[in-house]
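Colleague: here's a sequence, model it:
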Amino acid sequence: HSRSAILSSTFIMKCLAAVVSCLLLQTLVVDSAPGGMNPYNYQIANGPRNNNTAPPFRGEYFDLIGSAITYRYSEVHWRQQTTKLPDDIISRFDNKVMAITGYEVDVVRKSKDGKSYESVPCYQHYNHHYSSTLHGKGATMIDESQNPDALEDPHSVGKKLPSWKISKEAKKAADAFSDDVAHVQMLSEGNGNEHRGSYKGFPSHFGQLLYSPTTLVEGPMMINTNKMLTDAAGTPGPSAGAPVPKSSLAPPNANYSGILECPCTTRTTKELNSYKVQLSPCSLTEVTSVGECAHAAAINGLVNISVQNVSDSGSPPGCSANFDLSSNSWTVTLNHMMNTTSACSSSSGSLRAVGEATSLLQISLDLNAASQKATITLKGPANVWFGVGFNATTMAELPYAIIVDGTGSVSERRLGSHAAGTVLKNSIVVSSNTVSGEQRTVVLQRDLKGATPDYYTFSPSTVTLNFINAIGSSSNYSYHKSRTGATMMLAQQGKPLCICRDPNSNVGSINGVNWHNPCAPYPVSDLITQNNAICSVGAYNGGLFCCRDSYILLDADQEVPPVQDTIYFRYRFYFEDYTPEQNYNLYRVWWSTEAYNNEYDVPQSSADCNNPDTPVSECQYVIKSFFKGSQMISNGYGCMGAPPCMNASRVQEQDGGKFVLIYAALHCHAPGCQYAELRDMDTGELICRNNATYGTGTTAHNEANYVVGIPPCLWGPQDGLNPAPVIRLDGNYSTTKYVNNTVGHYGVMALWQMRAAYLSDYNAVVHNSSV
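Modeller: Next up, the predicted model:
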């Protein structure tokens, strides 16, 4: 876009002094700014009389190139990086207030000659989202480790919201202008891949007020999907043929990369507090990494284990365990070949089940269907009594038990509820009873079938066996010194058992980060009622937990292409000089359709979505949230820790519990995003609807199958805009998000990122405009 511009004298002098530096243009101040840096005719979603042309950007502007981002194909870049604002801007606004009236963002790389920048296609570098801040000279970010009271960042994983220390001098100076002047301003409107084509401007008299600006702190989450860095560089299409992990949900030859959805790979280590052991292969609950397989085996009480990593059509898929009676040890195997039909242990035929567990005692079982005998080996202290009760978790279940006293004498009992119970007639043959040092080892044999119902009947088809065990403080059987329950896993001799994630488990960690994605109860969220995978760590297979900084989104057996690529964020900030009673601050307010999760899964539709006769509704996944107006500004999440936040007490006391929305932008991801609606449930009014705009070509800013823009809703007291809607703190509101689910998707988002003003400020502008 060509434009006439009056260059500042400072800029002209710099160019005359150093022509080369001006070739890499980073700072430009002009007297007018019709917009824009990006090649769009920006739109809004709610213009009056269907005129949705966005207002021109206001004031002057300066351009800024962010810090370099250098990374490999499949790598995630998600870290803070700091860029100083241009010297002339810092000098001009030293001890003054800038009113930011809008901004534009692009992702660029240097041209081949290194003298300019060019836009990067999003199918090469995917902007998952950015959460950046501009801050002034009096603001210092506090290390999250030094602030235990910091809130969890709802846009991140295992991180805290940023905290800021504002110097007394800066606060006093800023307050002299207005209590609403900020020292930190969040930049997060339309901040995902839609960022380039989504309008980010504010109506007259409103903006982001910032005292003495000095620094941009970027927080981009970028995913390198550049096929040109891989061996598939010469093949047709922007993404097809480039390596993706097995867990990718993108169809073969898709025109988008499956790694942009952050699939969990075999490099991901997930650790749950519960796993199921079963005879049949896992179904959608497969363990996918060696580390998790070893953890799952340990959780189920396996000891003396060795771990192996294979791709073998003769082994069951995922995690399995095989017990070797001769070495009294377990071999735990992670098989990456997930399409094998090899079975786990069979429950039919002549069986021999073996297993071992270590709790207070070391216990092993050999259950032989051919001989109909059970061999039981118990290892415990040599000089005090110990015992084990089978098929129970507490004494209250009155289990069958074997007791060994301090002299080695063996007896059988039916335990009482916290009582010694009844001695049973002996059915055991003691094969050996030896003492080595302080340990006694007793090998026993008895029939599999119990002599009477008071005895436990062992079965070789048992997969897991609960037991209780105890140790006394004396030789004679009496009150125990210590006791606990545990579980033994049994496998058929020579055949493996399958170890699967427990779909009901919701405690654990992913790559060492504790799981903290509790789904909100209905009606705040309906994800629980839909059994969405985001609500369970066991079912979670893709999203932010598997997509932290420096993570590689390829499987462990896939080589990472070594070639790196370097990109940058390019910004254009529009601004005005602050004038009291003419410029009012806009506050970030927020709500997520997925409530507190910040992401959710979209399961694939069971309908034939490629059939044009299939109803649209059968190929849409819909989620909804109901919330109060106060929740949009509560708990500090609205302003993302960037003070000042909108003050609910001030809203209540000064403005009767009401504030106004000025800007509302949806954030969601390609390739399934369709639209979202924000409604006032008390009046039935549709407040805002945002529709995703998709590209149609291959050039940057117009990439097919990618969301290239989402026109926001914009309100304000100026021509070309509708009046601002009033939000009540005690009002009832809803948001509904629609996604195409012809195929499934991980890590989908449905966030409303909004700007609001105090009602009294808005009314003052309306009044002054009408006088």
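Colleague: pull the contacting residues for the residue nearest to residue 576 when sequence neighbours are not counted.
Modeller: Leaving out its chain neighbours, the residue that sits closest to residue 576 by C-beta to C-beta, 6 or more residues apart in numbering is residue 59, at 4.0 Å. (Each C-beta comes from the backbone N, C-alpha and C, glycine too.) By C-beta atoms under 8 Å, 6 or more residues apart in numbering, residue 59 lies in contact with 33, 99, 101, 574-576.
Colleague: at 7 Å instead, please
Modeller: Going by C-beta atoms under 7 Å, 6 or more residues apart in numbering, residue 59 touches 33, 101, 574-576.
Colleague: how much space separates the residue nearest to residue 377 when sequence neighbours are not counted from residue 564?
Modeller: In space, residue 377 comes closest to residue 364 once its chain neighbours are excluded; the distance is 4.4 Å by C-beta to C-beta, 6+ apart. For residue 364, the distance to residue 564 equals 53 Å [C-beta to C-beta, to the nearest Å].
Colleague: more neighbours: which of the two?
Modeller: Remark: of residue 364 and residue 564, residue 364 carries more neighbours, 20 against 13, as counted by other C-beta atoms under 10 Å.
Colleague: now residue 298: phi and psi?
Modeller: Torsion angles at residue 298 (phi, psi; degrees, to the nearest 10) stand at phi -70, psi -40.
Colleague: do you know the pLDDT at it?
Modeller: Residue 298 carries a pLDDT value of 88.
Colleague: can you give me the neighbour number for it?
Modeller: For residue 298, the count of nearby residues is 14 (other C-beta under 10 Å).
Colleague: nearest spatial neighbour of it, skipping sequence neighbours?
Modeller: residue 305 (7.5 Å).
Colleague: closest to residue 197 among the contacts of residue 59?
Modeller: residue 574 (16.9 Å; C-beta to C-beta).
Colleague: is the closest one in a helix, a strand, or coil?
Modeller: Per DSSP: H, G, I helix; E, B strand; the rest coil, the local secondary structure of residue 574 is strand.
Colleague: please shift the residue numbers so they start at 13 in all later answers.
Modeller: Yes, from this point I'll number from 13; that puts the last item at residue 586.
Colleague: contacts only, for it.
Modeller: 45, 69-71, 73, 113-115 are the contacts of residue 586 under C-beta under 7 Å, 6+ apart.
Colleague: for residue 58, which non-adjacent residue is closest in space?
Modeller: residue 725 (4.5 Å).
Colleague: quick one: neighbours of the one you found, just the number.
Modeller: Neighbourhood size, residue 725 [other C-beta under 10 Å]: 24.
Colleague: low-confidence stretches in the stretch 663-783 of the chain?
Modeller: Counting by pLDDT under 70, the stretch 663-783 of the chain has low-confidence residues at 782-783.
Colleague: so where do the helices sit in the stretch 163-312 of the chain?
Modeller: Secondary structure of the stretch 163-312 of the chain, counting by DSSP state H, counting those that start in this stretch: helices at 180-187, 302-311.
Colleague: pull up the gap between the residue nearest to residue 588 and residue 112, please.
Modeller: Relative to residue 112, and taking C-beta to C-beta, residue 71 is found at 9 Å.
Colleague: which residues do those two both contact?
Modeller: residue 587.
Colleague: quick check: the gap between the residue nearest the centre of the chain and residue 614.
Modeller: For the chain, the residue nearest the mean C-alpha position is residue 556 (2.8 Å; C-alpha atoms, centre = their mean). Computed as C-beta to C-beta, the residue 556 to residue 614 distance reads 15 Å.
Colleague: ok, now residue 746?
Modeller: Taken as C-beta to C-beta, the span from residue 746 to residue 614 is 20 Å.
Colleague: more crowded one of these two?
Modeller: Higher neighbour count among residue 746 and residue 614: residue 614, with 26 against 17, using other C-beta under 10 Å.
Colleague: surely that one touches residue 761?
Modeller: No. With contact defined as C-beta atoms under 7 Å, residue 614 does not count as touching residue 761 (10.8 Å).
Colleague: overlap of the contact sets of the two?
Modeller: With contacts defined as C-beta under 7 Å, 6+ apart, no residue is shared by residue 614 and residue 761.
Colleague: before we move on, the earlier item: so who does the residue nearest to residue 389 touch?
Modeller: Listed by C-beta under 7 Å, 6+ apart, the contact set of residue 376 reads 340, 367-368, 389.
Colleague: quick check: phi and psi at it.
Modeller: The phi/psi pair for residue 376 (degrees, to the nearest 10) is phi -130, psi 150.
Colleague: which pLDDT does the model give it?
Modeller: pLDDT, residue 376: 92.
Colleague: tell me the bridge partners for it.
Modeller: Taking DSSP bridges as the rule, residue 376 bridges to residue 368, residue 389.
Colleague: any weak-confidence spans in this protein?
Modeller: 13-47, 156-173, 358-362, 647-655, 782-783.
Colleague: could you point out the longest helix in it?
Modeller: As assigned by DSSP state H, the longest helix anywhere in the chain is helix 771-782.
Colleague: give me the residues contacting it.
Modeller: Residues from elsewhere that reach helix 771-782 (C-beta under 7 Å, 6+ apart): 217, 596, 666-667, 670-672, 729, 736, 738.
Colleague: and it, how far from the chain's centre?
Modeller: Mean C-alpha position of helix 771-782 versus that of the full chain (C-alpha atoms, centre = their mean, to the nearest Å) differs by 41 Å.
Colleague: repeat for stretch 677-695
Modeller: 20 Å.
Colleague: give me the buried positions along it.
Modeller: Of the residues in stretch 677-695, 677-692 count as buried by neighbour count, 16 or more other C-beta atoms under 10 Å.
Colleague: now the strands for the stretch 63-212 of the chain?
Modeller: For the stretch 63-212 of the chain, applying DSSP state E, counting those that start in this stretch gives strands covering 72-77, 81-84, 88-90, 93-96, 109-122, 129-131, 137-142, 144-148, 151-154, 175-178, 196-199.
Colleague: that older thread, show the buried residues in the contacts of residue 376.
Modeller: 367-368, 389.
Colleague: which of those residues sits closest to residue 96?
Modeller: Nearest to residue 96 among the buried ones among the contacts of residue 376 is residue 368, at 62.7 Å by C-beta to C-beta.
Colleague: distance of residue 337 from residue 692?
Modeller: Using C-beta to C-beta, residue 337 is found at 69 Å from residue 692.
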